[in-house]
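> My questions concern the predicted model and sequence given below.
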Amino acid sequence: MLTSITPGQLFIKIVHDELCALLGQINKPLDVSGSPPVPIMLIGLQGSGKTTTAGKLAVQLRKKGRKPLLVPSDVYRPAAIDQLVKIGQQINIATFASKEVQDPVTICREARAYAMKNGFDTLIVDTAGRLHINDEMVQELVEQKKLLNPRETLLVLDAMTGQDAVSSASTFNEKVGVDGVILTKLDGDTRGGAALSIKAVTGRPIKFIGMGEKLDALEPFYPERMASRILGMGDVVSLVEKAQDVFDEKQAIELERKLRKDEFTLEDFRDQLKQIKKLGSVESIIGMIPGLNKFKGAIDFSEAEKELKKTEAIINSMTRKERIYPNIIDGSRRMRIAKGSGTQVHEVNALLKKYAETKKMIKKMTKGGMKGLQRQLLSR
């Protein structure tokens with residue numbers, strides 16, 4: 001026994017290491033090698049999030065310099081084609097003009113020809129799902145796969161379904177053949193326990209995890225990080241990576257300068273709120289920070305989200321001059337701001353008070369460093 005750690009800590013370390021081994025040890029990146037257009041098939045049950053995941057995957061590939069084409073081949077679910085077209089418009093990625101009267105194999109054949117003609121290097125095919133796996137569905141997927149010969153056949157599974165997802169994964173892998181798995185809806189209460197069984201049962205790697213409804217909320221799957229989440233240890237590495245994608249380095253340097261010069265305004269505060277919102281929900285951010293997982297049951301996250309929206313609304317209702325010089329906000333201005341933001345005057349007062357207290361704390365921290373701040377906190 002190492003003298004620097006407790007038996008409990010060593011036990012958690014052993015469990016963590018075994019979880020990593022069970023989940024696959026390393027990240028398996030998406031394979032898009034080969035002659036373009038490289039086909040990627042998304043399969044899964046209805047409601048698993050295939051269509052939204054198709055859009056998210058297209059965003060990921062574009063970040064890597066590829067030119068994907070979205071292909072809707074679900075001709076059964078009402079408005080499924082329209083949904084993918086709308087997603088494509090939101091993320092500014094082209095969608096093949098499929099028609100509901102066509103059969104899925106014809107759609108795939110025509111989409112591939114269209115991609116070759118127009119310089120697309122990746123096909124992301126959103127296939128039809130059913131409420132349960134049946135012979136008709138399996139045969140259709142097999143025919144599409146035979147025609148496309150996809151580089152990757154990715155199974156999209158809803159993590160909220162728990163062990164039912166494991167059963168689906170096993171059947172799809174046996175009847176259609178799966179190269180990898182995408183787990184969706186991992187931003188909720190689910191910690192990812194299903195990921196353990198899926199890897200063990202199918203032997204196929206989990207490639208991505210969906211962490212929210214936004215179309216950039218798809219993350220590469222890292223076994224070590226998932227093991228930490230399952231054990232409630234947070235995932236600070238993923239949080240840092242998210243922050244690097246969201247936060248502008250020049251803005252961060254300018255903000256640091258303003259903090260040091262005591263020039264932090266309500267306008268800066270509003271900009272920071274907007275940046276934080278891009279990271280995801282308050283609950284998902286808290287879940288990634290080690291040690292804060294224990295507060296999940298004690299915090300009403302829906303109320304926290306409402307408070308953030310309310311704060312932003314109040315600041316937006318101010319003039320630019322008021323945001324830079326809040327000392328000019330007198331009684332009549334406070335009433336106008338409250339009306340404009342749909343809040344009460346006392347809520348405007350509370351925000352201004354918190355802002356003043358925050359500025360004082362920042363000033364003490366920049367003058368005396370962290371030790372000075374600690375002394376201030378301990379003296380209270």
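In hand now; what should we look at?

> Centre of the chain to stretch 39-56, how far?
Computed by CA atoms, centre = their mean, to the nearest Å, the chain-centroid distance of stretch 39-56 equals 15 Å.

> what mean pLDDT does that stretch have?
For stretch 39-56, mean pLDDT rounds to 90.

> Kindly check the end-to-end length of it for me.
With CA to CA, to the nearest Å as the measure, stretch 39-56 spans 16 Å from end to end.

> can you check stretch 318-338 too?
End-to-end distance for stretch 318-338: 9 Å, by CA to CA.

> Show me how far that stretch is from its chain's centre.
Its chain's average C-alpha position is 36 Å from that of stretch 318-338, according to CA atoms, centre = their mean.

> Give me the contacts around it.
Identification of contacts with stretch 318-338 by CB atoms under 8 Å, 6 or more residues apart in numbering yields 265-267, 270, 314-315, 317, 344-345, 347-349, 352, 355-356. Any C-beta I mention is one placed from the backbone N, CA and C, and that applies to glycine too.

> do stretch 76-92 as well
Defining contact as CB under 8 Å, 6+ apart, one finds that stretch 76-92 is touched by 46, 51-52, 54-55, 58-59, 62, 70, 72, 74-75, 94-95, 98-100, 126, 128-129, 215.

> Can you show me the helices along the stretch 101-250 of the chain?
Counting by DSSP state H, counting those that start in this stretch, the stretch 101-250 of the chain has helices at residues 104-118, 135-148, 163-175, 193-202, 223-230, 236-246, 249-260.

> Going by mean pLDDT, which of those helices comes out lowest?
Lowest mean pLDDT within the helices of the stretch 101-250 of the chain: helix 236-246, at a mean of 59.

> Now intersect the contacts of stretch 318-338 with the helices, please.
266-267, 270, 314-315, 345, 347-349, 352, 355-356 (DSSP state H).

> Please produce a markdown table containing those, extended by neighbour count.
Converted to a markdown table, these look like this (neighbours: other CB atoms under 10 Å):
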| residue | neighbour count |
| --- | --- |
| Leu266 | 21 |
| Glu267 | 14 |
| Arg270 | 17 |
| Ile314 | 23 |
| Ile315 | 23 |
| Val345 | 14 |
| Glu347 | 19 |
| Val348 | 24 |
| Asn349 | 14 |
| Leu352 | 18 |
| Tyr355 | 17 |
| Ala356 | 12 |
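
> which among those gets closest to Lys175?
For the ones in helices among the contacts of stretch 318-338, the minimum distance to Lys175 (CB to CB) is 52.6 Å, reached by Arg270.

> And Asp135, how close does it get to Val176?
Asp135 sits 12 Å away from Val176, going by CB to CB, to the nearest Å.

> oh, I was asking about His132
His132 is 14 Å from Val176, where distance means CB to CB.

> And the two? Which one has more around it.
Neighbour tally, His132 and Val176, criterion other CB atoms under 10 Å: the higher count belongs to Val176, 21 against 10.

> so that one sits right up against Leu141, yeah?
Yes. Here Val176 reaches Leu141: they are 5.0 Å apart, a contact under CB atoms under 8 Å.

> Find residues that contact each of these two.
Shared contacts of Val176 and Leu141, defined by CB under 8 Å, 6+ apart, are found at Ile43.

> got the phi/psi numbers for the residue nearest in space to the middle of the chain?
The centre of the chain sits closest to Ala217, judged by CA atoms, centre = their mean, with a distance of 2.5 Å. Ala217 adopts backbone torsions of phi -90, psi 60, taken as degrees, to the nearest 10.

> So what's the residue count around the closest residue to it other than its chain neighbours?
What sits nearest to Ala217 in space, not counting adjacent residues and going by CB to CB, 6 or more residues apart in numbering, is Met211, at 4.8 Å. Neighbourhood size, Met211 [other CB under 10 Å]: 24.

> Wait, Met211 touches Glu219, no?
Yes. Met211 lies in contact with Glu219 (CB under 8 Å); the separation is 5.7 Å.

> Wait, Ser73 touches Thr127, no?
Yes. The pair Ser73 / Thr127 is scored as a contact, 5.4 Å apart, by CB under 8 Å.

> So for these two, which residues contact both of them?
Here Ser73 and Thr127 have 104, 144 as joint contacts, going by CB under 8 Å, 6+ apart.

> Neighbour count for these two, which is higher?
Per other CB under 10 Å, whichever of Ser73 and Thr127 has more neighbours is Ser73, with 28 against 25.

> Per-residue pLDDT of the more buried one, please?
Per-residue pLDDT puts Ser73 at 90.

> Return the distance of the closest residue to it other than its chain neighbours relative to Pro78.
Spatial nearest neighbour of Ser73, excluding adjacent residues (CB to CB, 6+ apart): Pro104 at 4.2 Å. For Pro104, the distance to Pro78 equals 16 Å [CB to CB].

> just to revisit the earlier point, just the buried residues of the contacts of stretch 76-92.
Listed as buried from these are 51-52, 54-55, 58-59, 70, 72, 74-75, 94-95, 98, 126, 128-129, 215; burial here means 16 or more other CB atoms under 10 Å.

> These in strands, which ones?
70, 72, 126 (DSSP state E).

> hang on, isn't the first one packed against Thr95?
What it means is Leu70. Yes. Leu70 is in contact with Thr95 according to CB under 8 Å; the separation is 4.3 Å.

> can you count the residues close to the nearest residue to Thr53 once chain neighbours are set aside?
Spatial nearest neighbour of Thr53, chain neighbours left out: Val156 (5.1 Å); criterion: CB to CB, 6+ apart. Counted with other CB under 10 Å, residues neighbouring Val156 total 27.
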